[in-house]
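Asks: what's the 3D shape of this:
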Amino acid sequence: MINRSSLRSRPQSIWPRSLGGMRLTAASRSSNRDLLKIVRAIADYQFGGGVGEKLFDDECIVKISKRTGRPKYIYKGEEVLATVRYPDNLLALTLKGAERLSKILPRPRFRVVIRPKALNKILKGMNPTARDILNVDERILPGEEVLVEDMEGKLIGVGRAVVSGSLMKDLTSGVVVKLRKIRKNH
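Replies: Model prediction:
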C-alpha cells in the first residue's frame, strides 16, 4: 500500500528546460492558450520580461511535437515564427520571428551590426567574423539568439552567438555568429 502523505508534488522550476514545471496532459494539449502561456514564458526568460506577449499574440498557434507532446512550432497564420529547440527548450527564431523581435526590443539589444564591406559575403551564406562587426550588444552571451543587421538597421539574418558580445569587439579574427537564416533579398 502506498503512503500518500510521503508523495510530494514536484517543485516548479523557472528553468526553460523543464517548461516552468508545467506538464502537458491529454486535456491541456488541446488548449492553445496554455501552450501560448508556455512559449511566452520561454520568450520572457530568453529575451526579457514582457517580450513573450508582444512576440506571440493571441492569434499565434502552437503546434506540439507528435513524438514528445511538447510545444515545437509557433505559427502566425501560415508563417512559422519560432521553433522550440531541444534539449534546452529555448526558442530558435525564423526570419519572421526575428523581424517581430527587432520591432519589440530597443537597439542595440541582441543585435550584431555588420560592416557594409562584409554584407556581400554574408548574403552568400558565410558566417560573420570578428572583422565584419561594426557594433554589437556587449550583453550578448555565447549561445544566445542574435539579430544580424546592416548599418541602417535592416535585418540580414538570425543566428546564435559563438562568443560573448564584449569578446566580439575585442577579437580580430574568427567566426562570431553562426547564421541559421539569411534574408536573400536584402
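
Asks: For the rest of this, base every contact and every neighbour count on C-alpha atoms.
Replies: Fine.

Asks: For residue 63, what are phi and psi?
Replies: For residue 63, the backbone dihedrals are phi -100, psi 140 (criterion: degrees, to the nearest 10).

Asks: In contact with it, which residues?
Replies: Taking CA atoms under 8 Å, 6 or more residues apart in numbering, we find residue 63 in contact with 71-75.

Asks: now it, nearest residue through space, not along the chain?
Replies: For residue 63, ignoring the flanking residues on the chain, the nearest one in space by CA to CA, 6 or more residues apart in numbering is residue 73 at 5.1 Å.

Asks: follow-up on the earlier one: which residue in the contacts of residue 63 has the weakest pLDDT?
Replies: On pLDDT alone, residue 71 ranks lowest of the contacts of residue 63, at 90.

Asks: quick one, what contacts it?
Replies: Contacts of residue 71 (CA under 8 Å, 6+ apart): 35, 39, 62-65, 84.

Asks: Buried only: go through those for me.
Replies: Buried members of the contacts of residue 71, counted by 16 or more other CA atoms under 10 Å: 35, 39, 62-64, 84.

Asks: pLDDT, distance to residue 123 and secondary structure for those residues - can I get that in CSV?
Replies: As requested, the buried ones among the contacts of residue 71 are arranged in CSV below (pLDDT from 0 to 100; distance: CA to CA, whole Å; DSSP: H, G, I helix; E, B strand; the rest coil):
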residue, pLDDT, distance to residue 123, secondary structure
35, 93, 35, helix
39, 95, 30, helix
62, 95, 31, strand
63, 94, 31, strand
64, 91, 33, strand
84, 95, 26, strand
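
Asks: before we move on, back to that, element containing the residue nearest to residue 63?
Replies: Assigned by DSSP states H and E, residue 73 falls within strand 71-76.

Asks: Just grab the bridge partners of the residue nearest the centre of the chain for me.
Replies: Using CA atoms, centre = their mean, the residue of the chain that lies closest to the mean C-alpha position is residue 91, 3.7 Å off. For residue 91, the residues forming beta bridges with it (DSSP bridges) are residue 84.

Asks: Identify the residues contacting it.
Replies: Taking CA under 8 Å, 6+ apart, we find residue 91 in contact with 42-43, 46, 82-85.

Asks: which residues are in contact with stretch 155-167?
Replies: With contacts defined as CA under 8 Å, 6+ apart, stretch 155-167 is touched by 93-95, 98-99, 123, 136-150, 175-183, 186.

Asks: coming back round to it: dump the strand holding residue 73 to PDB, keeping only the CA atoms.
Replies: Extracted C-alpha coordinates of strand 71-76, given in PDB (Å, rounded to 0.1, in the frame of the first residue of the first chain):
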ATOM      1  CA  PRO A  71       5.400  22.700 -27.900                       C
ATOM      2  CA  LYS A  72       7.500  22.600 -31.100                       C
ATOM      3  CA  TYR A  73       6.400  25.300 -33.600                       C
ATOM      4  CA  ILE A  74       4.800  28.700 -33.200                       C
ATOM      5  CA  TYR A  75       2.800  29.900 -36.100                       C
ATOM      6  CA  LYS A  76       1.300  33.300 -37.000                       C
END
